[in-house]
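> give me a model of this one.
(2 chains)
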Protein chains: 2
Amino acid sequence: MSGLINRLKADDAQFEAQFQALTSHADERDPTLVGVVADIISEVRSRGDAALVEYTRKFDRRAVERMDDLVLDGAALQAALARIDPIDRDALEMAAERIRDYHQHQLSASWSFTDDYGNQLGQRVTPLARAGVYVPGGKASYPSSVLMNVIPATVAGVHEIALVVPAPEGNLNDLVLAAAAIAGVSRVVTIGGAQAIAAMAYGTETVPRVDKIVGPGNRFVAEAKRQVFGAVGIDMVAGPSEILIIADGSVDPAWMAMDLFSQAEHDEQAQAILLGTDAAYLDAVEAAIAAALPDMERADIIRESLGNRGALIQVADIDAAIMLSNRIGPEHLELATRDAEQLVDRIDVAGAIFVGPMTSEALGDYCAGPNHVLPTSNTARFSSPLGVYDFQKRSSVIHCSEQGSAALGKVASVLARGESLTAHARSAELRGE
Amino acid sequence: MSGLINRLKADDAQFEAQFQALTSHADERDPTLVGVVADIISEVRSRGDAALVEYTRKFDRRAVERMDDLVLDGAALQAALARIDPIDRDALEMAAERIRDYHQHQLSASWSFTDDYGNQLGQRVTPLARAGVYVPGGKASYPSSVLMNVIPATVAGVHEIALVVPAPEGNLNDLVLAAAAIAGVSRVVTIGGAQAIAAMAYGTETVPRVDKIVGPGNRFVAEAKRQVFGAVGIDMVAGPSEILIIADGSVDPAWMAMDLFSQAEHDEQAQAILLGTDAAYLDAVEAAIAAALPDMERADIIRESLGNRGALIQVADIDAAIMLSNRIGPEHLELATRDAEQLVDRIDVAGAIFVGPMTSEALGDYCAGPNHVLPTSNTARFSSPLGVYDFQKRSSVIHCSEQGSAALGKVASVLARGESLTAHARSAELRGE
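Numbers count the residues shown, from 1 in each chain, chains lettered A, B, ... in the order given. Below you'll find the model as predicted:
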């Protein structure tokens, strides 16, 4: 054994305790962080742009004097697009087109029907007016994240998209700006942190108040999103990234090792687990990990992540693997088996399912089409990939006929009086009198 | 003027300030409450059923000894159904049937398509495994709330529904239990408050851990829902109820007065506003308010609510009314105009739209079919009525062909290297080598 990754056996007596420890999710909030973020939000609410400029000078170490210094217009974005390598541009444009095509399938339309009384009932489905997209700056500045967060909003028909990205020491990533241009964004404000979330949640002189904020960020951003939730919609507060692979031993162990690395390289808390039925195959995957690791650019991060939270778990059979997978409810699930297609309908909880040996998770991160913003930390039990539905809202529509109003009024009256809400009852009755 | 309700004119110099004060939403959290609720959640997490029994003895003043004393089985619910007045039973059953019929239209199905490379892409749509429904006890115990919260979950196909309702001093409402039976619930646990939310979020020996919690409650319940969000899904934290009426003067002022009352009678913070184009008509509505108020069962609550937060607002024309309505984004919007049908498409933000003179909001509260759980406090900007979609979740499904994997791998590799994520790039490249 290499010791590079934890090895577990599902039939061990200690397995349940080990499994729970391995897959538990931290959910403590840091009270100091809560206070710091609350103060920042309060300052931005009361002082607007002036507070944004101050915080940007301080936290991003930039010698800016006014908000104008923080705004990039469409021409600046187009200039970045012109500057980047044409190979990168082609890749971003192809990814954007595929993401757009896929997300078109998620558009909901208004609907209505007429009941036997002639009442018309339905829902009006409309786009949000304004969405805010947070893009991290610095070392974790990802153009793919721009495409994944902006395109569903544009497909939904959101009227105005505010995009913010911090520029620590003034550094900006041209690929990020180019991706914004390709996604259809016409203005970027170079602010970040809790102050950027506060600005989008409440509005300042320069930053519009939005209806919903999406996009990943550091712990200040995550805490700020929690705090402004209610005043504004938020996507989700993402935890560490996760991959789970169910392997029957038919796929090249070297591919499996690299798929585990592709999650582990995100950060030290990322989780990469492979469930296999065959001890010899797990040994082969472990050997492939040991062979490939030294050459990896982020070997240190991968080593720590695999050692902390990674595991190769031996299970009795594929049924047992599926049961464990449904308990974990992973962000990314690869079905690396011969009969992968047959297993899909047995997956109850997962952010995204990668079916068959040719579907590496990395394809989904960039350009297959589906969104890479996915529920983590077992929240796939109740939430979904970011999608067009996150940028549409619904209003119920009720149009009663005279006959329908009279008929429903009788029922409503009985129920309202049962709840001692007499004005409700009278309001329902009056139309029929 | 009666002084019973505020009168505003949109062309007054002070109007904007008055309007903002009238329609502002409190969003302060009480730090003492936050701490009390955090302690309760922590106790329930660590001590399970034992903590639930203790809190129920204390807060609900019940001489219970063990969890068995707090569980009502299917037979108890059927007994309540047999006990209630057949008129109430018929009304509940008719409402349930209409709510079920309407919500069937909201069911989403899994979908997929095949792209030019032969890649299959789509989403698998499945029900949540377990949902928890909170029903308030005591004076605000509403059987309609049981139907509205449970039926969308049953239509979605949720496997198990946990319903909790507190029984202060042991008192339970037979209509609530009967509604639970009609909605298809097979067991009720008579607990409430933050302890009930904690039990459903984390599970105890008797209460299953659920995936999502829905249903209204007092401030302890609302704060607890905020705190457990993330570990479990929640619906929304509802603010005071609201009605906005756009009136062209063609509808009987007495109907308008009663519709305003039907919202105002909920509680002293409820908001009832009517926008009208004609001062004489607003006078007539105000006179109708004065005439009808003394006979109302909840006259005191209505008087305080209308005096605090109610208003008759005179606007120049229907266009101006729609503009104000879209700023308010009300929970309930009545279009009490001759051309109501033509206005619907101009409503950008509203929880539910009641079209035309025959559609009183009370019909929607009970039996028209649409859900009465609606976004308040202007959150209709980004959220929707409770629906089947709240009890379904989605997993992306990606199944790449050999050809597709190679083609996408090239693009993913370029983009991953642009983000310095080499393991992602290698994982995408390996399949094509």
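
> what's the burial count for residue A:111?
14 (other Cβ atoms under 10 Å in any protein chain shown). For the C-beta atoms, the positions are set from N, CA and C on the backbone; glycine is no exception.

> which SS class is the closest residue to it other than its chain neighbours?
Nearest non-adjacent residue to residue A:111, counting by Cβ to Cβ, 6 or more residues apart in numbering or on different chains: residue A:122, 5.1 Å away. Classification of residue A:122 using DSSP: H, G, I helix; E, B strand; the rest coil returns strand.

> the stretch 301-433 of chain A: strands as residue ranges?
A:311-314, A:332-336, A:352-355, A:392-399 (DSSP state E, counting those that start in this stretch).

> most tightly surrounded among the ones you listed?
Stretch with highest mean neighbour count among the strands of the stretch 301-433 of chain A: strand A:332-336 (a mean of 28; mean count of other Cβ atoms under 10 Å in any protein chain shown).

> taking the stretch 101-250 of chain A, what residue is nearest to chain B?
Going by Cβ to the nearest Cβ, chain B is nearest to residue A:233 of the stretch 101-250 of chain A, at 3.4 Å.

> and the residue of the stretch 51-200 of chain A that's closest to chain B?
Counting by Cβ to the nearest Cβ, the stretch 51-200 of chain A gets nearest to chain B through residue A:91 (4.0 Å).

> mind telling me what element that residue is part of?
Element membership for residue A:91, per DSSP states H and E: helix A:86-104.

> pull that helix out as CSV, backbone CA atoms only.
The C-alpha trace of helix A:86-104 is given here as CSV (Å, rounded to 0.1, in the frame of the first residue of the first chain):
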residue,chain,number,x,y,z
PRO,A,86,-7.3,32.4,-30.6
ILE,A,87,-7.1,28.8,-29.3
ASP,A,88,-8.5,29.9,-26.0
ARG,A,89,-11.1,32.0,-27.7
ASP,A,90,-12.3,29.2,-29.9
ALA,A,91,-12.5,26.9,-26.8
LEU,A,92,-14.5,29.4,-24.8
GLU,A,93,-16.8,30.1,-27.7
MET,A,94,-17.4,26.4,-28.4
ALA,A,95,-18.1,25.8,-24.6
ALA,A,96,-20.4,28.8,-24.5
GLU,A,97,-22.4,27.5,-27.5
ARG,A,98,-22.8,24.0,-26.0
ILE,A,99,-23.8,25.4,-22.6
ARG,A,100,-26.4,27.6,-24.3
ASP,A,101,-27.8,24.7,-26.3
TYR,A,102,-28.1,22.5,-23.3
HIS,A,103,-29.7,25.1,-21.1
GLN,A,104,-32.3,26.0,-23.7
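
> which of the residues in it are buried?
A:88-89, A:91-96, A:98-100, A:102-103 (16 or more other Cβ atoms under 10 Å in any protein chain shown).

> which residues are contacting the helix or strand that that helix is followed by?
With elements assigned by DSSP H and E, the helix or strand that comes after helix A:86-104 is strand A:111-114. Strand A:111-114 is contacted by residues A:120, A:121, A:122, A:123, A:125, A:397, B:105 when judged by Cβ atoms under 8 Å, 6 or more residues apart in numbering or on different chains.

> in its sheet, what does strand A:111-114 sit against?
strand A:120-127 (antiparallel) (DSSP bridges).

> sheet-wise, list the partners of the following helix or strand past the strand it pairs with with their directions.
Using DSSP H and E, the next helix or strand after strand A:120-127 towards the C-terminus is strand A:130-134. Partner strands for strand A:130-134, per DSSP bridges, with pairing direction: strand A:160-164 (parallel), strand A:212-214 (parallel).

> so which of those is the most packed in?
It is strand A:212-214: most buried of the strands paired with strand A:130-134 by mean count of other Cβ under 10 Å, with a mean of 25.

> so where's the stretch 1-150 of chain A shaky on pLDDT?
Across the stretch 1-150 of chain A, the ranges flagged by pLDDT under 70 are A:1, A:27, A:139-140.

> tabulate the strands paired with strand A:130-134 (a markdown table), appending mean pLDDT.
Below are the strands paired with strand A:130-134 laid out as a markdown table (pLDDT from 0 to 100):
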| stretch | mean pLDDT |
| --- | --- |
| strand A:160-164 | 96 |
| strand A:212-214 | 98 |
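
> could you chop chain A up by domain?
Per automatic domain parsing, the structural domains of chain A span A:6-25+A:240-368, A:31-234, A:401-430.

> need those domains in JSON lines with distance to residue B:285, can you?
Formatted as JSON lines, these follow (distance: least, Cβ to Cβ, whole Å):
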{"stretch": "domain A:6-25+A:240-368", "distance to residue B:285": "52"}
{"stretch": "domain A:31-234", "distance to residue B:285": "26"}
{"stretch": "domain A:401-430", "distance to residue B:285": "14"}
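
> can I get the strands paired with strand A:130-134 in JSON lines with distance to residue A:356?
Below are the strands paired with strand A:130-134 laid out as JSON lines (distance: least, Cβ to Cβ, whole Å):
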{"stretch": "strand A:160-164", "distance to residue A:356": "35"}
{"stretch": "strand A:212-214", "distance to residue A:356": "30"}
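
> to residue B:205, which of those strands lies closest?
strand A:212-214 (38.7 Å; Cβ to Cβ).

> which residues touch residue A:119?
With Cβ under 8 Å, 6+ apart, residue A:119 has these contacts: A:398, A:399, A:400, A:401, A:404, A:405, A:408, B:368.

> measure the third one to residue B:360 for me?
Going back to what we said before, that points to residue A:400. According to Cβ to Cβ, to the nearest Å, residue A:400 stands 8 Å off from residue B:360.

> for the fifth one, same thing?
Residue A:404 sits 12 Å away from residue B:360, going by Cβ to Cβ.

> for the fourth one, same thing?
Relative to residue B:360, residue A:401 is positioned 13 Å away (criterion: Cβ to Cβ).

> same drill for those two, tell me which one is more crowded.
Ranked by neighbour count (other Cβ under 10 Å), residue A:401 and residue B:360 place residue B:360 first, with 30 against 18.

> what sits against that one?
Shown in contact with residue B:360 (Cβ under 8 Å, 6+ apart): A:405, A:409, A:427, A:428, A:430, A:431, B:255, B:258, B:259, B:262, B:334, B:354.

> out of those, which sit inside helices?
A:405, A:409, A:427, A:428, A:430, B:255, B:258, B:259, B:262 (DSSP state H).

> where do the helices of the stretch 151-300 of chain A begin and end?
Using DSSP state H, counting those that start in this stretch, the helices of the stretch 151-300 of chain A run over A:174-183, A:193-202, A:219-228, A:253-264, A:279-292, A:299-309.

> looking at the ones you listed, which is closest to residue B:325?
helix A:193-202 (22.1 Å).

> who's in contact with that closest one?
So helix A:193-202 is in contact with A:36-37, A:40-41, A:43-45, A:48, A:51-52, A:55-56, A:59-60, A:132, A:134, A:162, A:164, A:166, A:189, A:191, A:207-210, A:213, A:217-218, A:220-221, A:223-225, A:228, A:231-232, going by Cβ under 8 Å, 6+ apart.

> likewise stretch A:12-29?
With Cβ under 8 Å, 6+ apart, stretch A:12-29 has contacts from A:6, A:8-10, A:223, A:226, A:239, A:271, A:273, A:309, A:311, A:313, A:324, A:327-328, A:377-378, B:230-231.

> show me what counts as buried in it.
Within stretch A:12-29, the residues that qualify as buried are A:15, A:18, A:19, A:22, A:23, counting by 16+ other Cβ under 10 Å.

> what's the helix or strand for the nearest residue to residue A:219 once chain neighbours are set aside?
Closest residue in space to residue A:219, ignoring its immediate chain neighbours: residue A:33 at 6.2 Å, by Cβ to Cβ, 6+ apart. Secondary structure from DSSP H and E places residue A:33 in helix A:31-47.

> just to revisit the earlier point, may I see the ChimeraX selection of the buried members of the contacts of helix A:193-202?
To isolate the buried subset of those in ChimeraX, counting by 16+ other Cβ under 10 Å, use the following:
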select /A:37,40,41,43,44,45,48,51,52,55,56,59,60,132,134,162,164,166,189,191,207,208,209,210,213,217,220,221,223,224,225,228,231,232
